[in-house]
Each structure stands twice: as C-alpha cells, then as structure tokens.
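**Student:** okay, predicted coordinates and the sequence, questions at the end:
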Amino acid sequence: MWSNTQPRLHSVEPPAPRPPLIGMRAAAKTYETQTGALRALDGVDLDIADGEFVSIVGPSGCGKSTLLRMLAGLDDCEEGELTLEGKRIDGPSRDVGVVFQAANLLPWLTVRQNVELPTRVGGKHAPGEVRVDDLLEMTGLADFGARYPYELSGGMQQRAGICRALVRNPRTLLMDEPFGALDALTRERMNLELQRIWQANGKTVILITHSISEAIFLADRVVVMSARPGRVLCDLKVDIPRPRGFDTIISHPEYARLAREIRGLLNAQGEIE
Amino acid sequence: MSTTLHPTAAQPAPQRDAYAAAAREPDVVTGMSSSGPVAASALPCGANPPSGARAAGRRKPRGDARTSWITLAGLVVLIGAWWLSVRLLHVPSYILPEPLAVVRALWSGLAVSPASPTGYYLPLWSTFCNAAIGFAIGTGAGLVLGSLMAESRTIERLVMPYAFALQSLPKVAIAPLIVIWLGFGDGSKIAIAALLSFFPILINSFTGLRAVEPERIDLMRSLSASRFETYRIVKLPNAAPYIFAGLDMAVVYALLGTIVAEFLGAQRGMGVVITQAQAVTDVAGVFAALVILGAMGILLHAVVRRLEKRVVHWADRNKR
C-alpha cells in the first residue's frame, strides 16, 4: 500500500539501518604516567542502539571507567572514534546524563537544589526538562527535597544522583558503578528501581559495574572487557523477559548460563571481583 | 550582627573553640600583644554562657555545663592566685595591681555615659570601626586575589612568591611606614588592619578553592557549566570552611593591627587608652583596657564562629 505523498524511491529501497545511538570505533586511550605510557584502552568496538540497556563488566583497572568518561566527554578520545547520534564526541553533551560513583551530591545544596542543578547551569535550556517534583516522586524522595544530603542514607543519595542525571531528560544515561558503595540489600532495591525507571523512560543506559548479577539483572546486553589494556572480550545478549525480579531471575536457566560464562571470562583474565 | 542569626543554628563546641584559641595564641604573641591570652583566661564568661545555654537543648548539655563550670573554677583559682601573690609577695602596684584595682579601673571606665571622654565607649567604638573597616577591605581583597590565584596559574605564579615573602615578614613591622604615609588619623589604622587581615584570607581562600574534589569538577563539566558557575556553585562553597578559618584569624589580626597603629600615634582608640595609662604607670588601667580588648576579641571571634555554623552547617556532618 503505497502512499501518494511519499516519493516512490523511498518505498522501493530497503530502509537504511538506523545508525546506533552510540558508536565506538577502535577507541583507545594511553595515559602518560611517571613510569611511562600506560595503555588503558586498546581498540574498543561497540555499538549501542537507542533505548538499549548495556552493562559493562571487567577486571578492575581495565579502563571501563575511562571509556565511560570518554563517552561523557570528560576525557578526550585520542585514538579511534566515539560517536553520539552519528556525531563525534568532543565534549560533554546536553543529551547525556552521568551518574557518578558515590552519588557525588553537593553537600551545601538541598536534595532539590542538587537535582535542579543541571537546569541551573550550562547556558540556555531547551524546554522538555523533566519536572523535579515528578522525579523526586518517582524515586520516593518527594518528602526529602528540603533535606541536605548528609541527612539521607546512601541509597537515597544515589537516587537523588539519578534524578539529577535525568532532569535534563537526556537520551543517554551513563552510570559508573553507581551502587558500588551500597550494601547488598539496598543495592538490589536500587537495581529494581533502576529497572523500573528505565522501563518507564526508555533511556539508553550504559552501566559500569563490578557485580555480575547486577549486570545481568539490568541489561539487554552484557559487555565483558579484558584486563588492561581493555578490549571487548565478549558481547552477550540477555534474553530474560522483563520486568525481572531477583527471586525469579536466579532460577532462570539463562541467568545461570550467563553468570557462569561471565565468571569464566573474568576468571580467565586472572581476576574475579 | 548577632541578632540576625538563628539561635538554633549555633552548635558551639567549646573544645573546638579552645583549640582554635590555642592555635591562635602563638600568632597573637608574636604579634607583640599579650592581650589575647591574658584576657581570654580572664574572661571566659564573655563567650561561653550564651553559647552554652543555647547548646543545652541540642546535645550533651551536661558535658557543656561541666565544661563551663571547669572554666569558671579555673578563673576563680587564677584570680585567687593573682590576689594571693600580690598580697604575700608584696608586689608593688605599679608592677602588678590587685584584682580589685583592675575591677575598679574597669568600673570607672564603664560606669559612665557613652559620650564621656574618660569612658571606654568612645575609644572602643573608634578602634572597633577602624578594625571593622580594615577587616572588610582586607578580607574582601584577600578573597578576590585568592580567587584569581586559584583560577589562573599565571596570576598564581605572578603573586604567590611575593605573597609568601610578605607572609613571612612580620607585618606589624610595616606599620611605622604606613603611619608615615597615611598619618596619625584613621587611615593608617584601617590600612594596617586591612594588611594584617588580608593574608590569612588570601592563603586560605586560595587553598580552599584548589581543594575541590575532582569528581565535583567532573560533575560541573558534564553539565557544561561555565567557569563562573563552577566557581560559584562548587568551588566557593567548598572553600567556605577554609575561608571561615581565615576570617577567624583575620578578625583578631584586624584588631591587633588597629591597636598597633594606635600605639604608634593616634588621637583616639583603645591603643591610646593603654599608652596614656602607661604614661602615668596606671597598671590597673592598662589591665582594664586589656580585659576590654580581650572581651571584644572573644566577641568578634564568637560572631565569626556563629556565622560559620550557620553558613557551613554541612561541613562537620559531611565528614562522617
């Protein structure tokens, strides 16, 4: 059924494959240290589609945080190329929200002021920002807007950190071991919460983590990186229906298989976190 | 100024105050004024009871009460020992007067109309005004230059060597020169107070502004924040505890500088009261003036502390 308003050419050719939201082509990074050059990343190739949730695991020091910093535009990518929506990443982007390790809230601002911070800085703002009240509501912080970060538990602080990353309504969320400092139970609760937020918002998420169970639980794909210099060892699809729950996922055969495989890969790297 | 402060915002920690006083003591001594330590031990009630009473509702009321009782007991013992030594050792009154003589001198200076030429009020007001104006100019300039140094490596390299060279120079030694330049009026008092209060703020604001966690800078960079936004929202609040530590020093230095300038020549001020009493070997009068100055120092210190507790309320608890 051809539409008259559409030129014929379009309907005949197969639709061009949508470019990935985030592309990494032979991305590499070498740090100059006092003891000589240190190769942190060595040719990372990875494509991430719009709306995908990708976890990156790897031995500590494998450059996964470096990769995330480069994607966030905080570190330069000297070799290879990183692209966001087809454009080379050459600095921080308005369309990317970063969730840091250990919340990184400013202690002299209230929770609300912390969450609003991205809307207050960085020049003019396009409309379409998320309402702070909705974010606080969504993360259960509605009653804590006027509190200071030191009055909140670690989990609540990190939830505020996630709110802050979402307030500009970015398409991509970069998370660098966001729950590493939390206890196991809080961490599971935060994972559930993050899954809920992701399902509600449809963001593209890249999550760096040390936890194999967290990586599988949350992700559509788990990318395993090698020890330094970091490369992509394996890109595993997680075929487990959502919404996932911790009690159900543990008994899922796919979960067991993936966990075993990732563990084996990390073991082969001589390190298991 | 203290009336604008919220009473519950104050969380005095006597130990910390005592520590700060102890830490400041050497500077006061090298600054060739003995008024600090003497008056501080003679007048702990000036600062403690109000803060202690307010702290009572919040935490460790019993501990606070005990601390002020111990301080008070120490004061009584000190004055007792003073009185006894004067009596038993027959110390002449032109060396060390009896405590009661000092109280009498205090009374004669305080129990008069505020406009009286023989009272403490006029010279105290003059000294306070000059110290306050000097403090404002010195700390303002120190903060501006400290900020510029923290933000620009070029300015840092340009200013830092001279700042350190001047810092190690006993700055009161410049006072005679300033009196030559600016004369015996208020100008020289303000200038010396400003000069003395300038350096602690310069060094502390510079240090504090540079001591930002890199993650916080990363956060601001990831938000494409401008340089000034990063300064205003992250660096300046981050430096606030350092700046307040500097203000705490500067407030005493400003007072010190004013008094030193008044010693060198002035028409009015507490420094003049002291030199006049000295001229007629009225040692009790000198002691009384020292007590007044000590009380003023403690009061100004308490105001800065109170302000700090209010502005930097997050600092202590954040370091859990």
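**Tutor:** Arrived safely.
**Student:** let me see the contact set for residue B:254.
**Tutor:** B:131-132, B:134-135, B:138, B:193-194, B:196-197 (CB atoms under 8 Å, 6 or more residues apart in numbering or on different chains). Glycine gets a C-beta too; all of them are placed from N, C-alpha and C.
**Student:** mind running it again at 6 Å?
**Tutor:** Shown in contact with residue B:254 (CB atoms under 6 Å, 6 or more residues apart in numbering or on different chains): B:131, B:134-135, B:193, B:197.
**Student:** host element of it?
**Tutor:** Residue B:254 is part of helix B:236-264, with elements assigned from DSSP states H and E.
**Student:** distance from that helix to the middle of the chain?
**Tutor:** Chain-centre distance of helix B:236-264: 6 Å, with CA atoms, centre = their mean, to the nearest Å.
**Student:** and if you look at stretch A:259-272?
**Tutor:** On the basis of CA atoms, centre = their mean, stretch A:259-272 sits 22 Å off its chain's mean C-alpha point.
**Student:** cool, stretch B:273-287 as well?
**Tutor:** Stretch B:273-287 has its C-alpha centroid displaced from the chain centroid by 23 Å (CA atoms, centre = their mean).
**Student:** give me the distance between the two termini of it.
**Tutor:** This stretch, stretch B:273-287, spans 11 Å end to end (CA to CA, to the nearest Å).
**Student:** who touches that stretch?
**Tutor:** Counting by CB under 6 Å, 6+ apart, B:94, B:97, B:101-102, B:105, B:123, B:289 sit against stretch B:273-287.
**Student:** if you count neighbours, what's buried in that stretch?
**Tutor:** B:273-275, B:277, B:282-287 (16 or more other CB atoms under 10 Å in any protein chain shown).
**Student:** for chain A, which segments count as strands?
**Tutor:** Counting by DSSP state E, chain A has strands at residues A:22-33, A:36-48, A:53-57, A:79-84, A:87-88, A:96-99, A:172-176, A:204-208, A:221-225, A:232-237.
**Student:** quick check: buried residues in the first one?
**Tutor:** Buried positions in strand A:22-33, judged by neighbour count with 16+ other CB under 10 Å: A:22-24, A:27-29.
**Student:** distance of residue B:104 from chain A?
**Tutor:** From residue B:104 over to chain A the distance is 50 Å, taken as CB to the nearest CB, to the nearest Å.
**Student:** correction: residue B:297
**Tutor:** Residue B:297 sits 29 Å away from chain A when distances are taken as CB to the nearest CB.
**Student:** ok so that residue is a strand residue?
**Tutor:** No. Using DSSP: H, G, I helix; E, B strand; the rest coil, the assignment for residue B:297 is helix, not a strand.
**Student:** and it, what does it touch?
**Tutor:** Taking CB under 6 Å, 6+ apart, one finds B:252, B:255 in contact with residue B:297.
**Student:** ok, it to residue B:190 distance?
**Tutor:** 18 Å (CB to CB, to the nearest Å).
**Student:** pull out the buried members of the contacts of stretch B:273-287.
**Tutor:** Among the contacts of stretch B:273-287, those scoring as buried are B:97, B:101-102, B:105, B:123, B:289 (criterion: 16+ other CB under 10 Å).
**Student:** need those in CSV (columns: secondary structure, pLDDT and distance to residue A:212).
**Tutor:** Listed next are the buried ones among the contacts of stretch B:273-287 as CSV, based on DSSP: H, G, I helix; E, B strand; the rest coil; pLDDT from 0 to 100; distance: CB to CB, whole Å:
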residue, secondary structure, pLDDT, distance to residue A:212
B:97, coil, 91, 80
B:101, helix, 92, 82
B:102, helix, 92, 76
B:105, helix, 92, 80
B:123, helix, 94, 76
B:289, helix, 94, 74
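**Student:** so where's the chain shaky on pLDDT?
**Tutor:** Went with chain A since none was named. Across chain A, the ranges flagged by pLDDT under 70 are A:1-18, A:125-129, A:270-273.
**Student:** that's the wrong chain, I wanted chain B
**Tutor:** Residues of chain B that meet the cut-off, pLDDT under 70, sit at B:1-63, B:317-320.
**Student:** center of it - which residue?
**Tutor:** residue B:252 (2.3 Å; CA atoms, centre = their mean).
**Student:** chain center to the helix or strand following the helix holding residue B:254, what's the gap?
**Tutor:** Counting by DSSP H and E, the next helix or strand C-terminal to helix B:236-264 is helix B:270-279. Computed by CA atoms, centre = their mean, the chain-centroid distance of helix B:270-279 equals 21 Å.
**Student:** by how many degrees do helix B:270-279 and helix B:236-264 diverge?
**Tutor:** 30 degrees (axes from the mean of the first three to the mean of the last three CA atoms, to 10 degrees).
**Student:** who touches the residue nearest to the centre of chain B in this structure?
**Tutor:** residue B:297.
**Student:** chain A against chain B: which residues are in contact?
**Tutor:** Residues of chain A lying close to chain B by CB under 6 Å from any CB of the partner chain are A:72, A:74, A:92, A:98, A:100, A:104, A:107-108, A:118, A:121-122, A:148, A:150.
**Student:** assign the closest residue to residue B:238 other than its chain neighbours to helix, strand or coil.
**Tutor:** Spatially, and ignoring its direct neighbours in sequence, residue B:238 is nearest to residue B:212 (4.9 Å; CB to CB, 6 or more residues apart in numbering or on different chains). Under three-state DSSP, residue B:212 falls in the coil class.
**Student:** how many neighbours does residue B:212 have?
**Tutor:** A total of 19 residues lie near residue B:212 under the criterion other CB atoms under 10 Å in any protein chain shown.
**Student:** do residue B:211 as well
**Tutor:** So residue B:211, with other CB under 10 Å, has 13 neighbours.
**Student:** repeat that for residue B:128.
**Tutor:** Using other CB under 10 Å, residue B:128 is surrounded by 18 other residues.
**Student:** which of the helices or strands spans it?
**Tutor:** Using DSSP H and E, residue B:128 sits in helix B:121-151.
**Student:** list the buried residues of that helix.
**Tutor:** Buried residues in helix B:121-151, counted by 16+ other CB under 10 Å: B:122-124, B:126-128, B:130-135, B:137-139, B:141-143, B:145-151.
**Student:** so residue A:43 sits against residue A:26, correct?
**Tutor:** Yes. Applying CB atoms under 6 Å as the test, residue A:43 and residue A:26 come out as touching, 4.6 Å apart.
**Student:** next, the distance between the ends of stretch B:92-100.
**Tutor:** Using CA to CA, the end-to-end distance of stretch B:92-100 comes to 14 Å.
**Student:** about what we covered before: which strands and helices sit next to the helix holding residue B:128?
**Tutor:** Packed against helix B:121-151, as judged by 3 or more CB pairs under 6 Å, 6 or more residues apart in numbering or on different chains; DSSP states H and E, are the following elements: helix B:153-168, helix B:186-210, helix B:236-264, helix B:270-279.
**Student:** for the residue nearest the centre of chain A, give the beta-bridge partners.
**Tutor:** By CA atoms, centre = their mean, chain A has its centre lying nearest to residue A:206, at 2.4 Å. Applying DSSP bridges to residue A:206 gives these bridge partners: residue A:54, residue A:174.
**Student:** show me where the stretch 51-200 of chain A has helices.
**Tutor:** Using DSSP state H, counting those that start in this stretch, the helices of the stretch 51-200 of chain A run over A:64-71, A:111-120, A:132-138, A:154-166, A:184-201.
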